[in-house]
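>>> Pasting the sequence and the predicted model now:
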Amino acid sequence: MDINEKIELLEKNLARQLEWIRAADTKIAPVIFITTFLLGTSVAFISMAPELSGFTISFAIICIGMLLYTLFNIIMVNFPRIARNDESSIFFEGVRATDYAGFEKKIASMTRETYFHDLANTCYENALIASVKFGYVKKAMLGLFFAIIPWVVLVYIIFTYYPVKELLGK
């Protein structure tokens, strides 16, 4: 495989990796909505209950703890920690690390070989970002799944043992 074929392969790979990164961001959107809804309703229901038993509080702690764990993972999906690549002319951190004149000089002096190495490094960095993001997406989805069960029990307990009309303000 000559250098041009390698570069073409890496460019396709980079495009595919960027799509995976976008997919991770897309997958987390409904998780954000559901998590904030469950957290808000949990707090609202608990705050309106006239008194709370230890049983109710334990389900509230489990539910809210899992929802906060889910929110933490959502934050980590949106703000992945990445290594800086200040030498790259492709990766955004490398472009940002230099001024325009320095960037233009690096691009003007770039050879096919240096472009290949820069592209390979950028593919590697993006693969790490995609891997980290999907790891946090998985943890957020699992956290939400495990929060739903105690949330349902919590809502059932509150609406069964406390006057529903009073809680709803009717």
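Nice, I can see it.
>>> Not counting sequence-adjacent ones, nearest residue to the residue nearest to the spatial centre of the chain?
Residue closest to the average C-alpha location in the chain (Cα atoms, centre = their mean): residue 77, at 1.8 Å. Spatial nearest neighbour of residue 77, excluding adjacent residues (Cβ to Cβ, 6 or more residues apart in numbering): residue 136 at 4.4 Å. In short, each C-beta sits where N, CA and C put it, glycine included.
>>> and the strand or helix carrying that neighbour, average pLDDT?
Residue 136 belongs to helix 112-161 when assigned by DSSP states H and E. Mean pLDDT, computed over helix 112-161, is 90.
>>> how far out from the middle of the chain is that helix?
The gap between the average C-alpha position of helix 112-161 and the chain average comes to 5 Å, counting by Cα atoms, centre = their mean, to the nearest Å.
>>> can you check stretch 69-81 too?
5 Å.
>>> Need the CA coordinates for that stretch. PDB is fine.
Provided in PDB are the C-alpha atoms of stretch 69-81 (Å, rounded to 0.1, in the frame of the first residue of the first chain):
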ATOM      1  CA  TYR A  69     -24.600   9.100  38.900                       C
ATOM      2  CA  THR A  70     -26.300   9.200  35.500                       C
ATOM      3  CA  LEU A  71     -25.900  13.000  35.400                       C
ATOM      4  CA  PHE A  72     -22.200  12.700  36.200                       C
ATOM      5  CA  ASN A  73     -21.800  10.300  33.300                       C
ATOM      6  CA  ILE A  74     -23.800  12.600  31.000                       C
ATOM      7  CA  ILE A  75     -21.400  15.400  31.900                       C
ATOM      8  CA  MET A  76     -18.400  13.200  31.100                       C
ATOM      9  CA  VAL A  77     -19.800  12.400  27.700                       C
ATOM     10  CA  ASN A  78     -20.200  16.000  26.900                       C
ATOM     11  CA  PHE A  79     -16.800  17.000  28.200                       C
ATOM     12  CA  PRO A  80     -14.300  14.200  27.600                       C
ATOM     13  CA  ARG A  81     -10.800  14.700  29.000                       C
END
